[in-house]
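Visitor: pasting the structure only:
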């Protein structure tokens, strides 16, 4: 048998520094926000924020509220958003905060739904926007942007004043959602200018408990003035086409205490220049992040593909490394607004090193450009449920690395793991996944963790195999309602109150208690180790119960909706331990539903709208099914159809039986085939030669090629396609553009993925029912210096559409019965 992997937790460190930074909440705040040197607090308790980036100017205003609710249901507690200057003042003096640019309404919606807000106010934001977000007219005024040049600061001062006016009354002092303001972005070597910008913003009337700055690339910050925020991505669009998977990405799949990522934005700064010693700020500031990769954009020359496991493994690894603020860029994709004079994307034409699509900014995000649910959303939601209930425990826990560490970034053989712990308890993190270079199975795995204030733990009782691709977090000595769970070889999900209540003889009882929900790990049979001294009685539906000294071991459980272990504690309380299988756990949502917090299992999406007193389900089926724990007093009521109630383990399952005239019941055009006819109008010509731009990188083809050599297809868009319908284009080629009539409505660079278009958006652009959709696809020439996943060498790619299918996501409200 392989010797246990060993880790020793050191003695508890002295208390963190407090009051050493000039960050202060408003006097009298009911839940004051403070920053210690190791974690943040809110209302006097450790606070573990989860932020997700969502650019309001890249999404129609009519969709904001539902998309914010999706983010909240995904575990996001803080919405971060660049306020992109060029989107608001493309022409000097023509400031626009109307319609899709209405910053105030966006902030008010965040407040309405209990979401904090971090406006990232620039003035330079990058965001893959034209000029990094600076209007052309600003650049015409100064030869020294992003400095204290008076010609630059004068318009910046007016910009900050305009932002302050939009946010007036939405600060914490007025009960508003703004908890932080970010100054500039990726400015690594001008601490004086950063301080000038902070003071300018304060003079304009902007206020927040926290002032932040990005901190990668060896940043130099004005001392103690800005909270440094870090990042890490699983892939890059900004490196060279032939550069392979960057080492700066590879390191994020190892447990390490290095915060800085010198690779982010390295195409826009000299890579040989470093501002200070790596992680020089670690002694005074907690490890907070704002740009963990929720996906990745595509540039013309480099089009990375990011999978859900890449995003999930990176996020969980960062928690194990010591993060106390999980911030994702992007959490929700978007579409660039059209400029009046030009398109507003980053491009070679403005001196930037990457050509980005004109319109799409999908970013392969957990929620896509049109709000599509992606598998990464479910991976991250599972982690965020953990942080919602146990973040206040995890935040103060130090990250400790094992005795045996990987020899370097090329070491794929050493198991990667860490523990966050205090003197007696903790959480054990394992990551056996990384992109591009699969890691091997690890057999015969067990762990020994030495605690300074408690006996060591060696777990599990029988060594396990950690499969290739696995990543997980196990609890160590977790107290739940009077029960001490010594360990579980399943990941903690959340706690559901009032869901444990069956008596020892199986009869119903009024006694209720918390249920700890856990997610099984594929390939590892769940084992629960209970401190026998905290237990009076145990009832398990399956598996074996054995005694090992002062421990009771529950083994052989079959994970599922009925795998509830009920425990009567020694102090007279009742606790449940529910072990869901891995797939079912990724359908779990928790939120206020029909009068109480409930756990909802649903294959689609779920949002909890307390203002309308309803739960809305987003489902590919017009007759969705979802399971609830604890069950509401009466079955929920749907707007159309009836709701059928059945048992599903310890859950109650509700299935909508739609009325014959209800929305979305019919098959729609094409019957059950759900494909649309595709007519080739013009065959493709010879692929245009590749041009190069900044840094010698390949540039996107010019507009003229779409009129001459692009393959052109016509796709009818029937009027009876229901709301919420996506067209999914299965295609190959180099680049594509979609038109309704003569109006460009969408574009895409081919990266091996399908191309989605939202019918509802097409209808706001023109009359696709009459004019149909024109799709123009350019071929990729042989030898083009472009990285596309799955492309063989430098082979050409033909311009071709294989099929266009349509799929509808129904939005169905359920109210209390």
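Guide: Okay, I see it. Note that this is a predicted model, so its numbers are computed, not measured. Residues are numbered from 1 along each chain as shown.
Visitor: can you tell me the closest non-neighbouring residue to residue 453?
Guide: Once flanking residues are discounted, residue 453 sits nearest to residue 423: 3.4 Å by CB to CB, 6 or more residues apart in numbering. Every residue, glycine included, has its C-beta placed from N, CA and C.
Visitor: neighbours around the one you found, how many?
Guide: 13 (other CB atoms under 10 Å).
Visitor: check which helix or strand it maps to.
Guide: Under DSSP states H and E, no helix or strand contains residue 423.
Visitor: give the contact list for it.
Guide: By CB atoms under 8 Å, 6 or more residues apart in numbering, residue 423 lies in contact with 9, 11, 12, 451, 452, 453, 454.
Visitor: then residue 353?
Guide: Residues near residue 353 by CB under 8 Å, 6+ apart: 238, 267, 268, 693, 694, 695, 697.
Visitor: pretty sure it is in a helix, no?
Guide: No: according to DSSP: H, G, I helix; E, B strand; the rest coil, residue 353 belongs to no helix; its state is coil.
Visitor: report the separation between the residue nearest to residue 453 and residue 8.
Guide: To residue 8, residue 423 is 12 Å away according to CB to CB, to the nearest Å.
Visitor: now the helices for this structure?
Guide: 64-73, 85-88, 103-112, 136-141, 150-166, 191-203, 247-250, 308-321, 375-394, 582-585, 703-708, 759-765, 768-771 (DSSP state H).
Visitor: what residues are up against residue 138?
Guide: When contacts are counted by CB under 8 Å, 6+ apart, residue 138 is found next to 85, 123, 145, 152, 155.
Visitor: and the pLDDT for it?
Guide: Looking at residue 138, its pLDDT reads 98.
Visitor: mind pulling the model confidence for the residue nearest to residue 453?
Guide: pLDDT recorded at residue 423 is 93.
Visitor: measure it to residue 550 for me?
Guide: As judged by CB to CB, residue 423 and residue 550 stand 19 Å apart.
Visitor: and for residue 617?
Guide: Taken as CB to CB, the span from residue 617 to residue 550 is 45 Å.
Visitor: same check, this time on residue 518
Guide: Taking CB to CB, one finds residue 518 at 22 Å from residue 550.
Visitor: show me which of these two is the more surrounded one.
Guide: Neighbours per residue (other CB under 10 Å) separate residue 518 from residue 550, with residue 518 holding more: 27 against 12.
Visitor: is the more buried one in contact with residue 490, as I believe?
Guide: Yes: with contact defined as CB atoms under 8 Å, residue 518 and residue 490 form a contacting pair (3.9 Å).
Visitor: contacting residues for the residue nearest the centre of the chain?
Guide: By CA atoms, centre = their mean, the chain has its centre lying nearest to residue 331, at 4.1 Å. If you count contacts by CB under 8 Å, 6+ apart, residue 331 has them with 52, 53, 54, 71, 74, 76, 294, 365, 366, 367.
Visitor: ok, of those residues, which come out buried?
Guide: By neighbour count, with 16 or more other CB atoms under 10 Å, the contacts of residue 331 hold 52, 53, 54, 71, 74, 76, 294, 365, 366, 367 as buried.
Visitor: next, give me the two most distant ones among those residues.
Guide: Distance extremes for the buried ones among the contacts of residue 331: the farthest pair is 53 and 74 at 12.8 Å, using CB to CB.
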